[in-house]
Structures are given as structure tokens and as C-alpha cells.
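Enquirer: With the input below, show me the fold.
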Amino acid sequence: MSRESFDYVIVGAGSAGSVIANRLSADPENRVLLLEAGKKWHPWVPVPVGFARLIDNPAANWMYESEPESGTNNRKIPVPRGRLLGGSSSINGMVFVRGQSYDYDGWAQLGNQGWSYDDVLPIFKRMESYSGGEDDYRGRDGPLKVSDSTESGPLYDALFDAAEELGIPRNPDYNGVVQDGFAMTQATIQNGRRMSTAHCYLDPVKNRPNLTILPNATTELLLFEGKTCIGVRYRTGSEQHDVHVTREVIVSAGTINSPQLLELSGIGQTDILYENNIELRHELPGVGENLRDHYAPRLIWEITRPGVTYTNGINLLWQGIKYILTRKGLLSIPASPIRGYIRSREGLESPDIGVSFYPFISRNFKVSYTPGVSAIAHQLRPESMGSIHIKSADVSDAPAINFNFLSADIDREVVVSAVKETRMLLNTKALDGFRGKEISPGASVQTDEEILAWVRAKAETVYHPVGTCKMGSDDMAVVDDRLRVIGIKGLRVADASVMPTLTSGNTNAPSIMIGEKAAQMIAEDNSHQQRELEF
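Expert: As a prediction, this is how the structure comes out:
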């Protein structure tokens with residue numbers, strides 16, 4: 001067994017981990033090791049629509065699935081997570097949504113100092129480069145390139161007209177002052193290329209002499225002396241390595257793998273560790289709890305007007321040629337080029353429903369021969385909470401994922417409203433010249449009970465799991481507001497698992513923000529400690 005030493009070890013080169021590696025290694029005095037269980041790259045990653053090839057591809061995906069439960073009609077639900085440099089930012093739909101100011105103000109109201117919207121807005125601005133919006137809200141020269149979808153055509157125009165017919169305005173920047181309204185999707189795409197954190201944060205600094213990036217390295221355990229984390233044990237092929245740290249270990253393995261690694265290392269609920277023959281290192285009952293995700297049915301309509309949607313066959317062949325020549329067309333678009341944020345009822349301070357559209361019929365984003373439009377409708381801030389826990393002491397065994405979908409009354413109410421609102425939109429006069437048969441859920445599904453039954457039988461997640469290492473100060477918190485694991489020295493968690501609640505939209509942008517803020521806090525805390533030592 002080899003032994004190595006670094007100042008910082010980062011477990012997971014995903015949306016947050018890649019950012020932290022970039023920022024910490026900017027100080028040449030810091031020796032940084034970045035460990036990634038997956039491979040370095042996959043040829044479909046740079047192509048935006050390549051997510052359709054990666055969403056069920058074990059070469060780049062952990063291929064997790066949830067446990068059967070009543071909210072899913074006892075189905076197992078796919079839970080794709082990126083397993084390569086860039087993590088899920090390398091396989092996701094590239095949709096860039098910060099969420100609402102209320103999301104972050106809510107985190108601060110829970111006692112998390114430094115996480116209000118006013119606190120995190122400068123970080124969002126610092127990390128992005130975007131040409132639209134207002135300077136007070138948007139960044140212009142950050143490493144992450146963000147652009148508006150350039151898709152256009154009669155169907156998109158009709159969808160905007162349909163929204164206005166229902167009193168829903170067009171919003172020039174849903175990441176700006178307010179989220180309400182319909183807009184073309186902002187995406188982590190530039191000139192037809194995916195902007196993953198691997199591309200934007202790691203590629204420019206990969207040759208720094210003080211940064212070691214190690215793919216195909218599975219972290220098996222955290223190492224301790226008493227209540228201090230002193231390093232990690234990882235495996236590359238058949239070789240096992242212990243690496244020690246002089247400062248900190250930062251776990252950025254994601255909402256599924258971060259709690260798994262804590263439990264495998266003896267941090268978590270006593271009963272779960274005992275059941276899996278793991279010695280208790282430190283009891284933290286919140287590890288693996290507070291799981292949340294967006295649960296969303298897919299509504300589908302046929303489109304009768306020819307030439308306004310994408311279909312399979314010769315059309316796709318032409319789209320491939322178009323992308324090669326111009327970097328435009330179907331292969332250059334995000335998962336849903338147009339989206340809306342709406343309110344289910346009067347009296348709400350902000351939208352509680354998100355609806356996104358893509359101009360084809362598909363399963364797992366594989367395009368059908370039938371011309372159509374698909375809509376993903378979901379509640380923005382679900383209250384149902386589940387859990388993720390290990391099923392054995394073997395790191396290669398996937399943990400049990402229990403979402404507990406639709407267990408909260410408000411979630412059932414809002415998802416029914418989301419389906420109804422989406423139907424209203426597609427049945428406006430603006431879409432009379434386009435709309436064909438409603439394929440899913442279909443005309444036979446009308447009552448609230450029938451809609452709920454259909455949701456349980458057909459809905460999937462929108463791939464936004466968060467919360468399993470919750471930030472806070474209550475009894476179920478796993479990390480404090482500086483992302484330090486409570487009761488353990490030298491150990492932080494920094495990824496989507498620390499979110500106390502789910503943000504109002506896609507979670508990649510907040511995850512990158514968490515990485516930026518974590519790096520800033522780590523540098524501040526260690527600089528403070530160094531000054532104390534010198535004093």
C-alpha cells in the first residue's frame with residue numbers, strides 16, 4: 001500500500017469538486033489531490049445532445065435507481081449521476097437555473113449564516129460569463145460560459161403566444177430580478193459545445209504542478225485519528241492507496257455518494273452502521289436523510305403541422321450534418337429549449353410550478369418518428385423527503401434510494417395543478433394550428449384522482465437529488481454553515497447534498513455556486529488558522 005501526502009484531498013470531480021480543485025490550487029503553496037471514481041472523458045460529452053446518449057450509459061453514469069415505493073406505483077425510478085470528470089455537469093441537460101431569491105433566503109432563515117440571496121449573488125456572478133440580463137444580477141467574465149438557446153420557429157412562437165393568452169409574460173432573464181414567466185432556456189453551452197465544470201474549471205489548470213487529478217480512483221474510506229479526518233483510502237485497479245492531508249478532506253461526491261462515503265467511514269446513524277457491520281466513528285443521525293428531488297410527469301402531444309418538430313430518420317441525419325458544419329440544430333440544444341415558471345394559485349409570492357418543453361416525442365430523450373411536443377411539469381419546492389443509506393459495507397454496492405414521493409399533501413396538490421396548467425397551455429387558441437392528439441396522459445385521465453394515479457404510474461425525477469448531508473444547526477444537520485462535518489475536524493462536504501431544501505429549478509448552477517463558496521470558506525478558514533499559529 002502506497003502512502004502519499006497533500007494539503008487538500010477532494011473526493012469527487014463533479015460540479016462542485018472541480019471548482020474547488022481549481023480555486024484551491026490557484027495558490028501555488030497548496031498541494032491538491034482531486035479523486036474521481038469515473039473515467040476522464042467520453043466522446044459524447046462535448047456534444048450538447050450527447051446527454052441522450054449518456055443518460056443511461058454505464059460508461060459515464062453510475063446508473064442508480066430508486067427503491068420501489070407507493071409514490072411510484074412500486075416502480076424503480078432511474079437516478080442517473082455522472083461518473084467521469086465533471087460529474088453530472090458532463091451528462092446533464094445543461095439547463096442553467098439559479099433558482100429564486102426566496103430559496104437562499106430560506107436557507108439563511110434556517111440559521112445558515114452567509115447563505116442568503118444577497119450573500120450568494122456575488123458568487124453566482126463571479127462564476128459565470130453571460131451576455132444577457134442586467135449587470136446587477138449577471139456575471140460577464142467568469143469561467144462558466146452561459147448562453148441563451150438559439151432555437152426558433154413557429155412552434156416556439158406559438159408556445160410564447162399561448163403563455164401570453166393565459167396571462168403569463170415573457171421573461172427576458174429568469175435568473176435575474178424575478179423567475180416568473182416563459183423564456184428560452186439559458187444553458188451551459190457555448191458555440192455548440194457543452195460547458196461542463198471539467199471543461200471550464202479543470203482543463204485550464206490541469207497542468208498546474210501543485211494539482212493532481214486522478215480519474216478511475218474509487219475512494220473507499222475516510223481515515224481518522226480520533227475525531228480528526230487525516231486522509232482517505234482509495235483504490236485504482238487492484239492497488240490500494242492511503243493518502244494523508246495536512247489540512248482538510250473535502251467530500252464532493254454528490255447527493256448519493258457523499259452520505260454513502262460517510263456511512264462507510266463510520267459516520268451516521270448507529271442502527272444503520274450496526275446492521276452493516278461498520279464500527280461507529282461518530283453519530284450523526286442526519287446522514288442520508290432529507291433527500292429531495294423534483295418528481296415530474298411527462299405530458300405529450302402530437303403536432304400536426306409538418307416541419308416544426310424534430311423526428312427520427314432522415315431528419316436526424318440532416319441534423320448531424322448541420323451540427324458538424326454549423327454547430328447548430330438539434331445536436332446543439334439543451335434538454336428543453338423553452339421553459340416557464342408559473343403559480344398554481346393566486347396569493348403566492350413566487351412561482352411554484354416549472355414546465356419545460358422539448359420539440360419531439362421521446363423516451364429518455366430518444367427521438368420518436370412521430371412529430372410532437374413533450375412537456376415536463378413539476379412542483380418547484382416539494383416537501384416530501386426520503387433517504388439514501390448503504391446496504392452493505394462494500395463501496396461497490398449501490399445504496400438504497402428512497403424518495404418517498406408524494407408523501408406530503410402539498411406535493412400531491414401542486415403536481416395535479418401542474419398537469420392541469422400545462423394542459424390549459426397546450427389547449428389555447430395559439431396552438432390550434434399545431435395541436436394533435438394528447439398522447440399522455442390522454443383524454444381518459446381527467447379527475448384529480450385519475451391524474452395522481454397516472455403520475456404515480458408514469459412520472460420520473462428531473463434528476464435533481466439534494467439534501468442528504470444537510471447544512472444547518474438542528475439535530476438532523478450534517479454540516480454547519482461553513483460546510484464542516486459537525487463533530488469532526490478536518491472534514492467538509494461540499495456538493496448538492498448540503499442543500500437544506502431544494503432550489504426552484506435545475507440544481508447544477510447552485511451546485512457550482514456551492515463549490516465556489518466552499519473554496520472561498522476553506523481558504524478563509526485555513527488562512528485564519530495559519531495566522532493563529534504564527535501569533
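Enquirer: what's the burial count for R193?
Expert: When neighbours are counted by other Cβ atoms under 10 Å, R193 registers 16. C-beta: built from backbone N, CA, C; applies to glycine.
Enquirer: I'd like the distance between it and S90.
Expert: 12 Å (Cβ to Cβ, to the nearest Å).
Enquirer: Then V146?
Expert: Distance from V146 to S90, by Cβ to Cβ: 16 Å.
Enquirer: show me the contacts for G50.
Expert: With contact set as Cβ atoms under 8 Å, 6 or more residues apart in numbering, G50 has these partners: W44, R194, L331.
Enquirer: for L299, same thing?
Expert: By Cβ under 8 Å, 6+ apart, L299 lies in contact with S374, A375, I376, A377, V419, T422, R423, L426, E438, S440, P441.
Enquirer: ok, 7 Å please
Expert: A375, A377, V419, T422, S440, P441 (Cβ atoms under 7 Å, 6 or more residues apart in numbering).
Enquirer: Report the helix or strand with the lowest average pLDDT across this protein.
Expert: Taking mean pLDDT, DSSP states H and E as the measure, the helix or strand of the chain with the lowest value is strand 362-363, at a mean of 80.
Enquirer: Let me know how buried D411 is, in neighbour terms.
Expert: When counting by other Cβ under 10 Å, one arrives at 20 neighbours for D411.
Enquirer: Tell me the spacing between the closest residue to M127 other than its chain neighbours and L491.
Expert: Residue nearest to M127 in three dimensions, not counting chain neighbours: G142, with 4.6 Å by Cβ to Cβ, 6 or more residues apart in numbering. Between G142 and L491 the computed distance is 28 Å (Cβ to Cβ).
Enquirer: Between these two, which has more neighbouring residues?
Expert: More crowded of G142 and L491, by other Cβ under 10 Å: L491, with 26 against 19.
Enquirer: Pretty sure C229 is one of the things the more buried one touches, is it not?
Expert: Yes. At 3.9 Å, L491 counts as touching C229 under the criterion of Cβ atoms under 7 Å.
Enquirer: Report the set of residues contacting both of the two.
Expert: With Cβ under 7 Å, 6+ apart as the test, L491 and C229 both reach L222, V249.
Enquirer: mean confidence score for stretch 222-236?
Expert: For stretch 222-236, mean pLDDT rounds to 97.
Enquirer: Just the buried residues of it, please?
Expert: L222, L223, F224, C229, I230, G231, V232, R233, Y234, R235 (16 or more other Cβ atoms under 10 Å).
Enquirer: for I333, what are its contacts?
Expert: Contacts of I333 (Cβ under 7 Å, 6+ apart): P48, V49, S149, E151.
Enquirer: ok, for the second one, nearest residue in space, not its chain neighbours?
Expert: Which is V49. V49's closest residue in space is L331 (Cβ to Cβ, 6+ apart), at 4.6 Å.
Enquirer: how close does S392 get to I278?
Expert: Taking Cβ to Cβ, one finds S392 at 10 Å from I278.
Enquirer: thinking again about what came up before, partner strands of the next helix or strand after the least confident helix or strand of the chain and their direction?
Expert: The helix or strand immediately downstream of strand 362-363 is strand 366-367, counting by DSSP states H and E. Applying DSSP bridges to the sheet, strand 366-367 is found paired with strand 362-363 (antiparallel).
Enquirer: Output the longest helix belonging to this protein.
Expert: Under DSSP state H, the helix in the chain containing the largest number of residues is helix 508-534.
Enquirer: mind listing which of the contacts of L299 are in helices?
Expert: Per DSSP H, these map to helices at V419, T422.
Enquirer: Could you report the separation of the closest residue to K40 other than its chain neighbours from Q113?
Expert: Once flanking residues are discounted, K40 sits nearest to P215: 4.4 Å by Cβ to Cβ, 6+ apart. According to Cβ to Cβ, P215 stands 36 Å off from Q113.
Enquirer: Give me the more crowded residue out of these two.
Expert: P215 (17 against 12).
Enquirer: surely the more buried one meets H42?
Expert: No. In this structure, P215 is not within contact of H42 by Cβ under 7 Å, at 11.4 Å.
Enquirer: give the contact list for the closest residue to A377 other than its chain neighbours.
Expert: Of all residues not flanking A377 in the chain, A418 sits nearest, at 4.0 Å (Cβ to Cβ, 6+ apart). A418 is in contact with I353, V355, A377, H378, Q379, counting by Cβ under 7 Å, 6+ apart.
Enquirer: Could you pull up the contacting residues of the last one?
Expert: So the one you mean is Q379. Counted by Cβ under 7 Å, 6+ apart, Q379 has contacts D352, I353, D411, V414, V415, A418.
Enquirer: looking only at pLDDT, what's the mean for the one helix or strand the third one maps to?
Expert: Mapping D411 onto the secondary structure by DSSP H and E places it in helix 409-426. For helix 409-426, mean pLDDT rounds to 98.
Enquirer: what does stretch 307-322 give?
Expert: 86.
Enquirer: distance of the closest residue in space to Q260 that isn't next to it in sequence from A253?
Expert: Distance criterion Cβ to Cβ, 6+ apart; nearest residue to Q260, sequence neighbours excluded, is P399 at 4.9 Å. For P399, the distance to A253 (Cβ to Cβ) stands at 12 Å.
Enquirer: When the two are compared, which one has more neighbours?
Expert: A253 (29 against 21).
Enquirer: Isn't the more buried one up against L264?
Expert: No. Taking contacts as Cβ under 7 Å, A253 lies outside contact range of L264: 11.0 Å.
Enquirer: how about the helices in the stretch 151-300 of the chain?
Expert: Counting by DSSP state H, counting those that start in this stretch, the stretch 151-300 of the chain has helices at residues 154-165, 197, 254-264, 270-275.
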